[in-house]
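A.B. asks: When you get a sec, could you give me coordinates for this:
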Amino acid sequence: MAKISSEELGTSPIGTLLIKQAVPASIGILVMSLNILVDTIFVGNWIGSTAIAAINVVLPVSFFIAALGMSIGIGGSSIISRALGANNKPKALKTFGNQITLTLLVTISMVVLGLAFVNSIIPSFGGKGAIFEPAKIYYTIVLYGVPVLALNMMGNTVIRAVGKPKFAMYAMLIPSVANLVLDYVFINVMDFGMAGAAWATTGSYVLCFCFILWFFLSKHSELKLNLNHLGLNKPIVSEISSLGFVTLARQAVVSVTYLLMNNILFDLGGENTVTAYAIVARMLMFALFPVYGITQGFLPIAGYNYGAKNVARVRKSIYTAITYAAILATLVFVVLMIFPETITRLFTNNAQVIAETPSAMRWVFAATPIIALQLIGAAYFQAVGKAIPALLLTLTRQGFFFIPLILILPLYFGEIGVWVSFPIADVLATIVTAYFLKREIKTSLNTATVKP
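C.D. replies: Purely as a prediction, here's the structure:
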């Protein structure tokens, strides 16, 4: 029987394999993050600084609905990786079919609700005053494309799960490049303003979907579906839901965090302070791309080898991923500590925003060198199908620590209390994750089963 391409996940040297998986993921995340970054620069310079705040208000809503697709994708991809590792291809196919059906049913329903309550959702996420109207324009148009974005995010995780990281990278490159080109045309050339920024984003989603559809219909994909695979299977739906809920819960907490941050900062400093946070939030997406790339590359390696009961390779993949990610996170930390004002000036010429943002950026990234352990630790439990610890560790940083901190510290320290909440939450979450990961390695991964 010929080997399927995913078997490389169980045979190649861990270091080489992690790089092979992580580099395309990192490049994809880099270009996607650059897209968001440059998009923000375009919007700030061509429309105005208020438009940056408007987009920041809309992102948690659209990203949460899109994250439904990502959660279904990551939950199902964990099953697919383990099924392929156990040589159970029928389960992998059924899982993929169920992912598609679930993504369509859930996201379309959420979009209908999101459009029905647009006038109450936007103010609740900080879209007040001068921010409201541009936020409403952007929100309405982008929401139409969110189900397509959800399918893209789901499909991308499956492409990576079957051992095709380069195609997953291409799927991330296409919308990123397309969005920048369309931004230039719609905003700068055709002067469509916020509507132009929104249509550029939605159009890029559609182009990405066309590529992902082509991939799964082409010879490159080993997952060839038929209509029977699309019918929902209760045990598979349950497993996808339990594992995917980890990602969904994380994004839900992110959305709540945006809601709280936008409202707290608006009350403390108005539109300019919300804009400062929007710039820092973009850097959180962009600057850590190599660390997120390592995390994405780690997931299918850990899942496949856990399914194949090769715990020695699982253990080694954990140590290698943490080491690589920690080195990269430290490099990011150094750059951001040295050049925060230069970075801020790329986004805006608003003097007050330029004055506020560098200090905020330094605080937000103060604990960056240690976050690798927290990210890889939480990812491990999701990769191997342990939903409860994965959920708890995923929620630790923002849910259990960060949100309480930003509700309490600003009462005593004002705006600085918001910014110092970031490194405090990072340190506490890393300590908790280190404890549970160490215990897991000593128990579940203590007996090496090395395959030839």
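
A.B. asks: can you map out the strands along this structure?
C.D. replies: Taking DSSP state E as the criterion, the chain carries no strands.

A.B. asks: Where does the prediction get shaky in it?
C.D. replies: Low-confidence regions of the chain, defined here as pLDDT under 70, cover residues 1-7, 28-29, 31-37, 447-452.

A.B. asks: If we use 50, what do you get?
C.D. replies: Applying pLDDT under 50 to the predicted model, the residue ranges of the chain that meet it are 1-4, 448-452.

A.B. asks: Relative to residue 361, how far out is residue 272?
C.D. replies: 15 Å (Cβ to Cβ, to the nearest Å). Backbone N, C-alpha and C define where each C-beta goes, glycine included.

A.B. asks: Then residue 267?
C.D. replies: Relative to residue 361, and taking Cβ to Cβ, residue 267 is found at 21 Å.

A.B. asks: With neighbour numbers in mind, choose between these two.
C.D. replies: Just comparing residue 267 and residue 361: by other Cβ atoms under 10 Å the higher neighbour count belongs to residue 361, 24 against 12.

A.B. asks: Name all residues that make contact with the more buried one.
C.D. replies: When the contact criterion is Cβ atoms under 8 Å, 6 or more residues apart in numbering, the partners of residue 361 are 279-280, 283, 336, 340, 343-344.

A.B. asks: now residue 273
C.D. replies: Residue 273 neighbours (Cβ under 8 Å, 6+ apart): 265-266, 356, 415.

A.B. asks: same question, residue 252
C.D. replies: For residue 252, counting by Cβ under 8 Å, 6+ apart, the contacting residues are 64, 67.

A.B. asks: go on, residue 123?
C.D. replies: residue 132.

A.B. asks: distance of it from residue 58?
C.D. replies: The spacing between residue 123 and residue 58, counted by Cβ to Cβ, is 12 Å.

A.B. asks: wait, isn't residue 445 in contact with residue 314?
C.D. replies: Yes: when contacts are counted by Cβ atoms under 8 Å, residue 445 is listed as touching residue 314 (5.9 Å).

A.B. asks: out of the two, which sits in the busier spot?
C.D. replies: Set side by side, residue 445 and residue 314 show more neighbours around residue 314, with 26 against 18, by other Cβ under 10 Å.

A.B. asks: In the stretch 251-400 of the chain, what residue spans correspond to helices?
C.D. replies: Secondary structure of the stretch 251-400 of the chain by DSSP state H, counting those that start in this stretch: the helices cover 271-287, 289-307, 311-338, 340-347, 351-364, 371-383, 387-395.

A.B. asks: Out of those helices, which gets nearest to residue 405?
C.D. replies: Using Cβ to Cβ as the measure, helix 351-364 is the one of the helices of the stretch 251-400 of the chain that comes nearest residue 405, at 12.1 Å.

A.B. asks: quick one: the closest one to chain centroid distance?
C.D. replies: Computed by Cα atoms, centre = their mean, to the nearest Å, the chain-centroid distance of helix 351-364 equals 24 Å.

A.B. asks: tell me the angle it makes with helix 311-338.
C.D. replies: Orientation note: helix 351-364 sits at an angle of 140 degrees relative to helix 311-338 (axes from the mean of the first three to the mean of the last three Cα atoms, to 10 degrees).

A.B. asks: for helix 351-364, which positions count as buried?
C.D. replies: Applying a neighbour-count criterion of 16 or more other Cβ atoms under 10 Å, the buried positions in helix 351-364 are 352-354, 356-358, 360-364.

A.B. asks: same question, stretch 10-20
C.D. replies: Of all the residues in stretch 10-20, those buried under the rule 16+ other Cβ under 10 Å are 10, 12, 14, 17-20.

A.B. asks: mind putting the residues you listed in CSV, distance to residue 50 included?
C.D. replies: Supplementary listing: the buried residues of stretch 10-20 in CSV, determined by distance: Cβ to Cβ, whole Å:
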residue, distance to residue 50
10, 52
12, 50
14, 48
17, 46
18, 43
19, 42
20, 44
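
A.B. asks: tell me the two of those that are most distant?
C.D. replies: The largest separation in those, counting by Cβ to Cβ, is between 10 and 19 at 16.6 Å.

A.B. asks: all helices for the stretch 101-250 of the chain, in order.
C.D. replies: With DSSP H, counting those that start in this stretch as the criterion, the stretch 101-250 of the chain has helices at 118-124, 132-161, 165-183, 193-217, 227-230, 234-269.
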